[in-house]
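Q: what's the 3D shape of this:
(one chain, ligands or ions: 2)
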Amino acid sequence: MNDAIKPGPEIPMQAAGLPQLSVIVPTFNERDNVTVLYRRLQATLTGIPWEVVFVDDNSPDGTWEVVRGLARRDSRVRCIRRIGRRGLSGACIEGILASSAPYAAVIDADLQHDETQLPAMVALLASGEVELVVGSRYIEGGSADSFNKQRAGASALATEVARRVLRVEIKDPMSGFFMIRRDRFEQLAPQLSTQGFKILLDIVATAHGELRTVEIPYAFGARQHGESKLDSMVALDFLGLVLAKLTNDIISLRFILFGMVGATGLVVHLATLFVALEWFNAPFPEAQAAGALVAMTSNFILNNFLTYRDQRLKGFAILRGLLLFYLVCSVGLFANVGVAFSVYDSEPIWWLAGAAGALMGVVWNYAMSGLFVWRKR
Ligand code: GDD
Ligand code: MN
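A: Ligands and ions are numbered 1, 2, ... in the order given. Okay, the predicted model is just below:
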């Protein structure tokens, strides 16, 4: 067997001409940044065999076209163009798993992270003492001066929550800039959430302190071109991730969002019922049916915008999805009532029976919606 294809971390990478470092760059509408980043990587990674994997979610601005152009001139550049999907964490996971280099770094395309730290990060991993190196804004020498007050506050709060609730020890678990041994990542990957922004927090929390980690400082710079994709939904994603990790992944982020939407549905239902009865003097059965229909519709819209925003239905598919959602929820109602009845039969405690029925309904609706309404393409 040729030395170069023998598996294991002892392969002399330089000799084999294979990349030692894979730089993963998630992109969405970063057309004007990718070439600059590529040139900077080229300038800074002189002593290290490297490759760069851009993971682009079919950016409308054609980022992937620019990356393909680079890739045609330099085989170290690769492009994964994902269709019908959105999400920073998922893009990073796919990028890392698409590589075979022993070390994988994640860095933003917008030049806010400091790529000149990459060689130092490689050296730390290569020492064998460390499995994860985090680019940190919140240790001596690091900074996040480009943040406005609001974002600085949100970042500090999220970091504090992660520290207290998930016992994450590092100073900057919200960082989007890090390097990890790929073999260690590969072990954790099946438990990571593809939804959301906080992949590093997910990695650290999922590893339960088993990952030997160091932080090195960097200054979080200002965005060069384009705009941030981080919106207020990120806060919800974050809370979902914390809850999921707290329950050891029994409850997924998506299920929590689905449940929260379901709770708003109850409010919508009661409000519609009230309006129909009081303002329109509708008979109760009709009013109740109207409440259910309006609540199902608003649940569908909210789930499409929030819970399943990474695979949002668009155009004609919305109508088809809505009809399927009605169907799923109607069957879910039978499941709900059935379970409630049988619990009440053996244990006539109204709230216990009611809650068991409602839980059954949510679980059913969630499972079936995932299978039929927002099924993975
Ligand atoms: N493929 C893909 N899909 N990439 C995405 C998506 C997506 O849905 N959303 C964002 N990206 C890419 C952007 O193109 C950029 O390269 C990178 O992810 C970061 O996105 P920004 O929108 O620039 O985020 P930010 O600057 O507000 O926050 C970043 O830095 C923080 C500090 O390190 C993120 O990395 C945060 O997670 C991090 O806390
Ligand atoms: Mn950014």
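Q: Now the one helix or strand Val343 maps to: buried residues?
A: Per DSSP states H and E, Val343 falls inside helix 316-346. Residues of helix 316-346 classed as buried under the neighbour-count rule (16 or more other Cβ atoms under 10 Å) are 321-322, 324-326, 328-329, 332, 335-336, 339-340, 343-344. Placement of C-beta: from N, CA and C, glycine included.
Q: And for stretch 154-164?
A: Neighbour-count burial for stretch 154-164, counted by 16+ other Cβ under 10 Å, picks out 154-155, 158-159, 161-162.
Q: Kindly reformat these as CSV containing secondary structure, distance to ligand 1 and pLDDT.
A: As requested, these are arranged in CSV below (DSSP: H, G, I helix; E, B strand; the rest coil; distance: Cβ to the nearest ligand atom, whole Å; pLDDT from 0 to 100):
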residue, secondary structure, distance to ligand 1, pLDDT
Ala154, helix, 10, 88
Ser155, helix, 7, 89
Ala158, helix, 9, 91
Thr159, helix, 10, 92
Val161, helix, 14, 90
Ala162, helix, 12, 90
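Q: In JSON lines: the residues you listed, plus distance to Cys92.
A: Listed next are those as JSON lines, based on distance: Cβ to Cβ, whole Å:
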{"residue": "Ala154", "distance to Cys92": "21"}
{"residue": "Ser155", "distance to Cys92": "19"}
{"residue": "Ala158", "distance to Cys92": "18"}
{"residue": "Thr159", "distance to Cys92": "19"}
{"residue": "Val161", "distance to Cys92": "22"}
{"residue": "Ala162", "distance to Cys92": "18"}
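Q: and Lys229, that's in a strand?
A: No: using DSSP: H, G, I helix; E, B strand; the rest coil, the assignment for Lys229 is coil, not a strand.
Q: hang on, isn't it packed against Leu88?
A: Yes: the criterion here is Cβ atoms under 8 Å, and Lys229 meets it with Leu88 at 7.5 Å.
Q: more crowded one of those two?
A: Leu88 (26 against 15; other Cβ atoms under 10 Å).
Q: and that one, what is it in contact with?
A: Counting by Cβ atoms under 8 Å, 6 or more residues apart in numbering, Leu88 touches 26, 176, 196-197, 199, 229.
Q: Look at the residue of the chain most remote from its centre and give its secondary structure.
A: What lies farthest from the middle of the chain is Asn281; by Cα atoms, centre = their mean that is 46.4 Å. Three-state assignment for Asn281 (three-state DSSP): coil.
Q: rewinding a little: same question for the helix holding Val343, mean pLDDT?
A: Taken as a whole, helix 316-346 carries a mean pLDDT of 92.
Q: So which bits of stretch 178-187 are buried?
A: The neighbour-count criterion (16+ other Cβ under 10 Å) identifies 178-182, 184-185 as the buried residues of stretch 178-187.
Q: I'd like these as JSON lines, with secondary structure, pLDDT and distance to Leu302 appended.
A: Output for those, formatted as JSON lines (DSSP: H, G, I helix; E, B strand; the rest coil; pLDDT from 0 to 100; distance: Cβ to Cβ, whole Å):
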{"residue": "Phe178", "secondary structure": "strand", "pLDDT": "98", "distance to Leu302": "33"}
{"residue": "Met179", "secondary structure": "strand", "pLDDT": "98", "distance to Leu302": "38"}
{"residue": "Ile180", "secondary structure": "strand", "pLDDT": "98", "distance to Leu302": "35"}
{"residue": "Arg181", "secondary structure": "strand", "pLDDT": "98", "distance to Leu302": "40"}
{"residue": "Arg182", "secondary structure": "helix", "pLDDT": "97", "distance to Leu302": "38"}
{"residue": "Arg184", "secondary structure": "helix", "pLDDT": "97", "distance to Leu302": "37"}
{"residue": "Phe185", "secondary structure": "helix", "pLDDT": "98", "distance to Leu302": "33"}
